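1. How does the following fold in three dimensions:
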Amino acid sequence: MAHPPFQGTSPFVSNNLSAHLPPPSSSHSTSPASSATANQTFMMTSSPVRVRKQPADGYKPKIITTVGAKPACLVNASVTYVGNDQIYAFGGFDQYTDEVYNHVLRLNLATQKWNLVDNYGDIPGVRMGHTANLWRGDKLLVFGGENEHRQHLNDVIVFDLKTANWTQPELHGTPPRGRARHSAVIHDEKLYISGGQTGHDSVLDDICFLDLKTWTWSRTWKFVPRYDHASWIWNGKMWIFGGMNDEMERSNEIWWLDLRGSPGFETAMAYGTRDRQLVSSRHRSLGNPTTTTQPTGSTGYSANSSVQSYPSAAASARSLYPAPGSISSLKFHSSPNLPSQAAGTHFHVFSSGCMLDFVTPAELSCETGLSSLELDSLSWQKLADGKDLFDPNFRWHYCTVNAEGTHAWLLGSPVEPTADGHGFTGGEYLSDVLLIDLRKYGILGNELAAQSRVKIPSSDANISSPLTGIGADLSTTFDQPPESGSGADFIITADPDDLDYDASSSTDPTAKSEMAVSRPIHVHKLILHARWPHFVRLWSAQMSEFHTKKMHIPEPYSAVRAFLFYLYTDSIAPNPPNGPTLNDVAGMLVMANLYDMPRLRLLCVNRLSRELDIEHAAVIWQRATTANEEWLKRRAASFCLQNWGRVVRTEGFKSLDHSSLIELCQEPDIDARIIGDEELDMLGGLRGPLGALNGNRKRSLGSAGVVTVDEEGEEEVEDDGMDVN
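-> So this is what the prediction gives:
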C-alpha cells in the first residue's frame, strides 16, 4: 500500500448610513446630511448616489486547509453536504493502491477537521461510482455503484446521519439494472435514477424511480444515454446535462423530461397492482436477471449487496418504451459564454433555476470560470473568470452544494507542475476545500427563486392582475390619495429623477436639497412598519416623521416609488403598470444597500445581471459602484467596454456625472486601445450588423471595440451573443 487512505450598530440607524439620525429640529439646516425642511419633514442622511463610498474589495472565495484523517484523492466516491457545516464522503477507488473502499468520513467545516466515522448495522460492501443523496435532512440514500470485481450493483442502502447506522429497506418490484456513474435525484419522495454504465461497458439510456413511500420500483423507460452526467428537477421537469454519451464523447446537449401530467410519474407505486405485474412479466420475457451475493470486500467488511448480471444477448436486445411525458433536447453549437466541455474539469450543479458549470483547472493552459445556464430562457451567462475563482496550483475533484443552493464547496488538493511541464506532482489527499458563496454572483438561492415563481391566486377583484395573492390587492391601494378612500395616512417625497438635472452643473452641495421635491407618494404606515426595518427604527425613535406623517428620501423619484411599490407587492418583476424598469431597479439596489435589506439587494443584483443591456449598462455600472456590488460592477463594466460604441450614445451614459465618466473610462487595462472597422477587418473580418468578429477568438460588439493587449500581443475581447440550435 503506497500510503494510508486517510491520513454593535445603532439601534435606530442601519450600519450602512454614514451618520446617525439627528434629533428633530424646527430650524432649517444647510447640511444635506441632517437638514429638516420648513414643513418639519426630516431629511435623512445624504443620498449615497451623491456621496461616493470607498470601493470595496472584490469577493474572493476562501480556501480552507483541513486537518485530521484526510481521505485520499479517491475516484468516483460520493461527497455530500448534509447541513450543519458537515460534508460526508463515502466509498471510492484509490488510484494509487487499486483499492475500493466503503469508509464513511466526515468533514466538520467549522473545525476544518476530517474524521473516520464508526458506522454500524448493515454495512454495505465496497463500491465506487455510486450516488448518495441527502434525504429528509438526516439520511443519505445510496444507490448502485461498482465493486472491486467490476460487478455493478443495484441495491439501495440508507445511512442515518444521527445514529451512524446503515439499513437496507425491503424493496418491491423489478429493480433497474446494476450500474455505476449514473445520476440520481430525489423529488416528491421519489428517487429518480438515469443512465450510467454497466459491466459490458455499455452506456445505459433508461430512467426509473423508486417510490420512497412504498419502497417500490417503477417500470424502466427509455430516455437518453449518458454517464458521469448531472440531473436535477426544476419546474416540473427532469433535466440532464454533461457527461459522456454512447459514443464516448463529452456532451454539451441538455435534455429534459416533463414529469407533469403523466400518471407514470405522479401516481404512487403500489406493489402488487396490475401495472406492476405487467412490468414484472415484461422483464421476465426479456430474461430474468440472476441475483448473486457479493463477495467480501478487500477491506474486510461484509458485503451484503446484491449484483444483477444480465446475459449479454438479452441486454443488447432490450427494447424499452419511451418515457411518458414530453422529451426535449437542445444542443449548443456556439456562444462566447458557452464553456467548452472538452477542456478543464467540469462540475455541474443546480441552483435557483440555473445550471451552474464550474470549469476548474485540469492543465496549465485550460480556460476556467463559472458560467450559468438559465433554464427558463436556455441562455448562458459568464458569471466569473477562473482567475477570480481558482488558484492554478490546485486541482478540484468533487463539488457539493447545500440544499438552499446558496453555497458550493469544491474539494481538492494543491499540486505542482513537473519539471518537464507535462504533469503534476502532489495531490494525494483531499486536503483543501474551496468555499464559494453563490449569492455574490447574483444567485438567489432555491428558496427565494421558488418564492418568486409561486402563483398564489389573486382575489376576485384582481383576477387579471399580473401580481398574485395579497400583493395584487395591496397594489391597488398604493399611491392613492386619502380622499379616494384608499386609507393612505403617510406621505413620502423624493428628488426629481436624475435625468431632470445635471449634477455637474453646480458645485454647491446644498443646491440639490433646495430644489423643489417630487410630487407626493401616498402610502400606509402599517405597510412601511411591517416591511421596512429602517422605518420601524425611525418610528420607534419618534423622529420628525412620527409627528408630521411626512418623509423625504433624497433619491430619484422613480426609484423611490419603485422601492415603495416593492414593499406593497414583494415583487421587482417588470409587471405593468407600476413594475420597475432596470433604471428603477438600479436605484433600488442603492437603497437596499443603504437600508441594509439583503433580500432586496439579492433580487436587484439577480435581475440587473440577467437583463443587462446596452441602454442601461452605464447606469447599472454606476449604481453597482455606489452600492459596493463589486461583482455586478465588473460585469457591467466589461459589458460597457465590449459595446463601447453603442453604450456611449445612450441616455444612461450621458446622464453620468463627470467623476463617473472618468472612472468608467479608466476601467480598461492600462494597455488597452480602441480599434475601428478597418483594423477589425484585418484581424478577422466582421460578422453581421453588430460588427462582432468570426473565428475562435472572442471579439467585441460594435463598430469600435476596446481591446486588451497582453504581453505577447494577443488581443482579447468578448462577445456576449449566443447561437444555439
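2. which residues of the stretch 551-700 of the chain fall in helices?
-> 557-569, 582-594, 598-610, 617-626, 630-642, 644-647, 651-654, 658-665, 677-683 (DSSP state H, counting those that start in this stretch).
3. With just CA atoms, put the fifth one into CSV.
-> Looking back up the chat, that one is helix 630-642. Taking Å, rounded to 0.1, in the frame of the first residue of the first chain, the C-alpha atoms of helix 630-642 are listed here in CSV:
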residue,chain,number,x,y,z
GLU,A,630,-18.1,44.6,-6.9
TRP,A,631,-19.1,41.6,-9.0
LEU,A,632,-22.0,43.4,-10.7
LYS,A,633,-19.8,46.5,-11.2
ARG,A,634,-17.1,44.3,-13.0
ARG,A,635,-19.8,42.6,-15.1
ALA,A,636,-21.4,45.9,-16.1
ALA,A,637,-18.0,47.5,-16.9
SER,A,638,-17.0,44.6,-19.1
PHE,A,639,-20.3,44.8,-20.9
CYS,A,640,-19.8,48.6,-21.4
LEU,A,641,-16.3,48.1,-22.9
GLN,A,642,-17.5,45.3,-25.2
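4. circling back to that earlier point, reformat the helices of the stretch 551-700 of the chain as JSON lines; add mean pLDDT.
-> JSON lines is the format used below for the helices of the stretch 551-700 of the chain (pLDDT from 0 to 100):
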{"stretch": "helix 557-569", "mean pLDDT": "93"}
{"stretch": "helix 582-594", "mean pLDDT": "95"}
{"stretch": "helix 598-610", "mean pLDDT": "94"}
{"stretch": "helix 617-626", "mean pLDDT": "95"}
{"stretch": "helix 630-642", "mean pLDDT": "93"}
{"stretch": "helix 644-647", "mean pLDDT": "92"}
{"stretch": "helix 651-654", "mean pLDDT": "93"}
{"stretch": "helix 658-665", "mean pLDDT": "92"}
{"stretch": "helix 677-683", "mean pLDDT": "64"}
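5. Let me have those helices in TSV, adding mean neighbour count as columns.
-> All C-beta spots, glycine's among them, are computed from the backbone N, C-alpha and C. TSV is the format used below for these (neighbours: other Cβ atoms under 10 Å):
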stretch	mean neighbour count
helix 557-569	23
helix 582-594	26
helix 598-610	21
helix 617-626	26
helix 630-642	22
helix 644-647	21
helix 651-654	17
helix 658-665	15
helix 677-683	14
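6. Residue 671: which of these is closest?
-> Closest to residue 671 of these, according to Cβ to Cβ: helix 630-642, at 13.5 Å.
7. Remind me what the closest one packs against, helices and strands.
-> If you count contacts as 3 or more Cβ pairs under 8 Å, 6 or more residues apart in numbering; DSSP states H and E, helix 630-642 packs onto helix 598-610, helix 617-626, strand 705-709.
8. excluding its backbone neighbours, what's nearest residue 180?
-> Distances taken as Cβ to Cβ, 6 or more residues apart in numbering place residue 129 nearest to residue 180, at 3.0 Å, with adjacent residues excluded.
9. for the one you found, what are its contacts?
-> By Cβ atoms under 8 Å, 6 or more residues apart in numbering, residue 129 lies in contact with 76, 144, 145, 146, 180, 181, 182, 196, 197.
10. roughly how far apart are it and residue 521?
-> Taking Cβ to Cβ, to the nearest Å as the measure, residue 129 and residue 521 are separated by 60 Å.
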